[in-house]
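Take this sequence and fold it.
(2 chains)
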Number of protein chains: 2
Amino acid sequence: MPSASASRKSQEKPREIMDAAEDYAKERYGISSMIQSQEKPDRILVLVRDLTVQRADEVVWVRARVHTSRAKGKQCFLVLRQQQFNVQALVAVGDHASKQMVKFAANINKESIVDVEGVVRKVNQKVGSCTQQDVELHVQKIYVISLAEPRLPLQLDDAIRPEVEGEETSTSQAIFRLQSGICHLFRETLINKGFVEIQTPKIISAASEGGANVFTVSYFKNNAYLAQSPQLYKQMCICADFEKVFCIGPVFRAEDSNTHRHLTEFVGLDIEMAFSYHYHEVLEEIADTLVQIFKGLQERFQTEIQTVNKQFPCEPFKFLEPTLRLEYCEALAMLREAGVEMGDEEDLSTPNEKLLGRLVKEKYDTDFYILDKYPLAVRPFYTMPDPRNPKQSNSYDMFMRGEEILSGAQRIHDPQLLTERALHHGIDLEKIKAYIDSFRFGAPPHAGGGIGLERVTMLFLGLHNVRQTSMFPRDPKRLTP
Amino acid sequence: MPSASASRKSQEKPREIMDAAEDYAKERYGISSMIQSQEKPDRILVLVRDLTVQRADEVVWVRARVHTSRAKGKQCFLVLRQQQFNVQALVAVGDHASKQMVKFAANINKESIVDVEGVVRKVNQKVGSCTQQDVELHVQKIYVISLAEPRLPLQLDDAIRPEVEGEETSTSQAIFRLQSGICHLFRETLINKGFVEIQTPKIISAASEGGANVFTVSYFKNNAYLAQSPQLYKQMCICADFEKVFCIGPVFRAEDSNTHRHLTEFVGLDIEMAFSYHYHEVLEEIADTLVQIFKGLQERFQTEIQTVNKQFPCEPFKFLEPTLRLEYCEALAMLREAGVEMGDEEDLSTPNEKLLGRLVKEKYDTDFYILDKYPLAVRPFYTMPDPRNPKQSNSYDMFMRGEEILSGAQRIHDPQLLTERALHHGIDLEKIKAYIDSFRFGAPPHAGGGIGLERVTMLFLGLHNVRQTSMFPRDPKRLTP
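Now for the predicted structure:
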């Protein structure tokens, strides 16, 4: 679709081409008409990452963004970018390009998308600034497919900005490709273990855990709420004999916290599983699932990890097999030895969590561990008490680089004990009647947990803010884009 | 965990066991204490589906639900159910069982979960009512692990109810296992095609398509909305050069429709993809993804399909390769030939969609087809007009058994044309400013579509209500459980 067939639209765009009265190359460049699926040409677009010496001297078509451009006399050097790959392209006055064409190329707004026909040429000296270091593209035709508006008022910064932007774009691509990999590995592992994926509702009629931190929705003539967790639904599926279930979906928390690790909407990777005799059967399945994710990321996403490390350097993530499991009382002893004063039934503060992470790393050389047997007093009412120690519970958190990424427990499956524990917590029984009733028709013993996807991504990569690992983060002050 | 170690809890439960003064089998049955992860016995629980003649004469432990029980003199026959599998078990007065033990077994409430030790015995005559037809279990020990409350006031129906319930349970299990398979096949296919999974926010600051049918959320001191589609976010990912993305997540529609195929919250399987020259590149990827799902279901989920068919008989789902693509004007011609009066720019009504489905099935023998080139007038403002015919658009729906399961289009990627079309539709530009602005920095041509998971499940299985394929359906009148 060269400019010869320019539509109404193209005429409203820059007119460099119109000035080219005596231009012997005028058919070889320009602003294309908008792609409206007019044609199905059999032209093949080659990927930038495939531009290597194997293709030397071939004529290829490439579609990419203009990352940078630099005119110099009768030549213009462009860097063409496609996702995390880029290649140098040269438009030089000669048989194929006129001086008008070089000027046109030099004036294309950065970030515009172009279709370029060129010859792949081996270079004598590596192009250090590009991923495709051994070749450059000698441009024969160049058409703008989608014109970027100029980025005013940033002209002053133009000299430095493009490179930083390019790096940020690559980092961002790498982070979210790796995040996609976490979801994939999570499901792949669980499906191989015989789990069934379920879909749980996000609009619910009653606030699940007593009503704090819940968003209210106008639902026709009534009010409804956004689910703070899929837990009730996962448990109902266990009661319906699905035995092992998982789900991936948004979780909503109306907490007015503005920290590096809280979002009001995040993605939960949730697991629930019936067990035979001991909740450690479940604990081990969850820990193994995380280990499979870590291994898979290190095997399949090295490029992405290295791309992120370039901008945000970080030690590789370490873990043990089998996963280290510490009991809460052991952790308390370690913290006390390090000078922390804490009561036996006190929860871990964020600084103490991080300190514990450092102590565990020093002693066991792992960035991933399980903390088991939390004090009953600091866990939700549905947590199964430890039958051997009434102050403890069958509950656990998991940590990556000293920060919590999963919270879980054996759940109480007996309606009578559940009622007792709810009353003990001062919870209005009317509000959780449906929850308690779901265990009246014979519930198998079960346990589970929920993982925060953005946190796992952040901590695996050693980043420091969960907003870097959420494409469209939501917090009390941020709702756009 | 036999009753000997009965805890406080077990004493509050039925007391059959307490009456057993002279009972030589009294250690062999009872109500277990609640499983609180007291022990890690090395007992292996065998799956009901593995109880076959290969295990004849072995002593096994099984955990299952009491599906039915029938006492007859000195014997009691139980049917033990585990997911969609069941086996007959016999408790008979003899060396292992006393008459008190038989009475105990006969009185266990249906649906209770029991641990049973028994000998697998080959039977001479097939047990027609069970999935494990060639064996039965001769019970030596039986303990109730989780007691179901009796289901009053349904006693009168007891004779017929259990079987129907069992069938419903199996059907339901099969439907949702198959649905889990649809998600799995969708992702597996797209990841193999190089797509990246993305997570899009559900709480948004502005109603995406002008504000109709949107749920309002109280967001701290402001109002926010629930996303009616991930489309804007998918498109932003395309603008950020992800090239091919998909997502699976809840979609919210505040429509007051109470039909067999509308829900206020459903699961969307969404695709968006940049293309080189023609949106049919995308159309073909989407159609192929659906074909891979259909094939995968027919290969991997025959058991589930047959289980559902037993309760809801239906013709196998038929499709062609490549997928049949009809243009809207061809469909109009077929409908008109069948006596329907319709204008050229009129949308299809639900009855006409269904009629068209029957006509297509007769003529082409397929339950799946694409309807391409919808009239521009009946599509949203962001739909790319057909450059060859101003009354048509580059948009399409896909149908299964005559009902729409996907709607999609080439999207306008040029901010100026998008503005014109929005004005033409009378849309307030202020409200969609962020949307239009996302195309100002060079957007590649792209197309996509959204699939309704519950509809695909319903129509693949030939069911008639989308509530059967949503575990926890939400409609204007239904918010629980």
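
can you map out the helices along chain A?
Ranges of helices within chain A are A:8-11, A:99-106, A:161-192, A:231-239, A:280-300, A:302-311, A:328-337, A:350-364, A:415-424, A:433-437, A:453-460, based on DSSP state H.

Which other helices and strands does the fifth one contact?
Based on contacts counted as 3 or more Cβ pairs under 8 Å, 6 or more residues apart in numbering or on different chains; DSSP states H and E, the elements that helix A:280-300 packs against are helix A:161-192, strand A:265-274, strand A:368-372, strand A:395-400, strand A:403-411, strand A:446-452, helix A:453-460. All C-beta atoms are positioned from the backbone trio N, CA, C, and that covers glycine.

okay, those in JSON lines with distance to residue B:314 next?
Putting the helices and strands packed on helix A:280-300 into JSON lines (distance: least, Cβ to Cβ, whole Å) gives the following:
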{"stretch": "helix A:161-192", "distance to residue B:314": "26"}
{"stretch": "strand A:265-274", "distance to residue B:314": "32"}
{"stretch": "strand A:368-372", "distance to residue B:314": "47"}
{"stretch": "strand A:395-400", "distance to residue B:314": "45"}
{"stretch": "strand A:403-411", "distance to residue B:314": "38"}
{"stretch": "strand A:446-452", "distance to residue B:314": "34"}
{"stretch": "helix A:453-460", "distance to residue B:314": "38"}
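
quick one: the residue of the stretch 51-200 of chain A found nearest chain B from residue B:37, how far?
Of the residues in the stretch 51-200 of chain A, the one nearest chain B is residue A:148, at a distance of 3.7 Å by Cβ to the nearest Cβ. Residue A:148 is 60 Å from residue B:37, where distance means Cβ to Cβ, to the nearest Å.

What of residue A:189?
24 Å.

do the same with residue A:307
44 Å.

before we move on, what about residue A:188?
29 Å.

cool, and residue A:325?
The spacing between residue A:325 and residue B:37, counted by Cβ to Cβ, is 14 Å.

quick one, which of the two is more surrounded?
The neighbour count for residue A:325 versus residue B:37, taken as other Cβ atoms under 10 Å in any protein chain shown, is higher for residue B:37 (21 against 17).

where does the stretch 1-150 of chain A dip in pLDDT?
Across the stretch 1-150 of chain A, residues meeting the criterion (pLDDT under 70) sit at A:1-21.

what residues does it put near chain B?
A:1, A:7, A:9, A:12, A:34-41, A:43, A:45, A:63, A:65, A:82-83, A:109, A:111-113, A:145-149 (Cβ under 8 Å from any Cβ of the partner chain).

what are the bridge partners for the residue lying closest to residue A:59 once chain neighbours are set aside, then?
The shortest distance from residue A:59 to any residue other than its chain neighbours is 5.5 Å, reached at residue A:119 (Cβ to Cβ, 6 or more residues apart in numbering or on different chains). For residue A:119, the beta-bridge partners are residue A:59, residue A:138 (DSSP bridges).

Give the full set of residues in contact with residue A:119.
Residues in contact with residue A:119, defined by Cβ atoms under 8 Å, 6 or more residues apart in numbering or on different chains, are A:57, A:58, A:59, A:60, A:137, A:138, A:140.

count of residues packed around the third one?
What it means is residue A:59. Residues within reach of residue A:59, counting by other Cβ under 10 Å, total 12.

what residues are up against it?
Residue A:59 makes contact with A:117, A:118, A:119, A:120, A:140, according to Cβ under 8 Å, 6+ apart.

repeat for the second one
Neighbour list for residue A:58: A:119, A:120 [criterion: Cβ under 8 Å, 6+ apart].

where does it fall, phi/psi-wise?
Main-chain torsions, residue A:58, degrees, to the nearest 10: phi -80, psi 150.

do you know how far it is from residue A:92?
19 Å.

what's the answer for the first one, then?
Using Cβ to Cβ, one gets 17 Å for the distance from residue A:57 to residue A:92.

Compare those two and say which is more crowded by neighbours.
Neighbours per residue (other Cβ under 10 Å) separate residue A:57 from residue A:92, with residue A:92 holding more: 17 against 10.

Look up the closest residue to that one, ignoring the ones flanking it.
Per Cβ to Cβ, 6+ apart, closest to residue A:92 is residue A:75, 4.5 Å.

partner residues bridging that neighbour?
residue A:72, residue A:92.

Equivalent analysis for residue A:148, please.
Beta-bridge partners, per DSSP bridges, of residue A:148: residue B:441.

Next up, the contacts around it.
Contacts of residue A:148 (Cβ under 8 Å, 6+ apart): A:109, A:110, A:111, A:112, A:113, B:440, B:441, B:442.

what's the burial count for the fourth one?
Right, residue A:112. As a burial measure, residue A:112 scores 20 neighbours (other Cβ under 10 Å).

Surely residue A:352 and residue A:334 touch.
No - taking contacts as Cβ atoms under 8 Å, residue A:352 lies outside contact range of residue A:334: 10.4 Å.

How about the contacts made by the residue in the stretch 201-350 of chain A that chain B sits nearest to?
The stretch 201-350 of chain A approaches chain B most closely through residue A:205 (3.9 Å), counting by Cβ to the nearest Cβ. Going by Cβ under 8 Å, 6+ apart, residue A:205 touches A:224, A:225, B:479, B:480.

so which two of those are the farthest from each other?
Farthest pair in these (Cβ to Cβ) is A:225 and B:480. Separation: 11.9 Å.

And the pLDDT at residue A:283?
Looking at residue A:283, its pLDDT reads 98.

Serialize the contacts of residue A:59 to JSON lines and add fields for distance to residue B:401.
Below are these laid out as JSON lines (distance: Cβ to Cβ, whole Å):
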{"residue": "A:117", "distance to residue B:401": "47"}
{"residue": "A:118", "distance to residue B:401": "50"}
{"residue": "A:119", "distance to residue B:401": "53"}
{"residue": "A:120", "distance to residue B:401": "50"}
{"residue": "A:140", "distance to residue B:401": "52"}
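
Quick one: name the residues of the stretch 351-481 of chain A near chain B.
Along the stretch 351-481 of chain A, the residues adjacent to chain B under the rule Cβ under 8 Å from any Cβ are A:384-388, A:394, A:410, A:413-414, A:416-417, A:434, A:438, A:440-445, A:453, A:470-472, A:474, A:476, A:479-481.

Mind checking which of the residues you listed are buried?
Buried residues within those, counting neighbours by 16 or more other Cβ atoms under 10 Å in any protein chain shown: A:384-387, A:394, A:410, A:413-414, A:417, A:438, A:440-445, A:453, A:470-472, A:474, A:476, A:479, A:481.

from memory residue A:247 sits against residue A:197, does it?
Yes - using Cβ under 8 Å, residue A:247 is in contact with residue A:197, at 6.5 Å.

start to end distance for stretch A:214-228?
Chord length of stretch A:214-228, first to last residue, is 7 Å (Cα to Cα, to the nearest Å).
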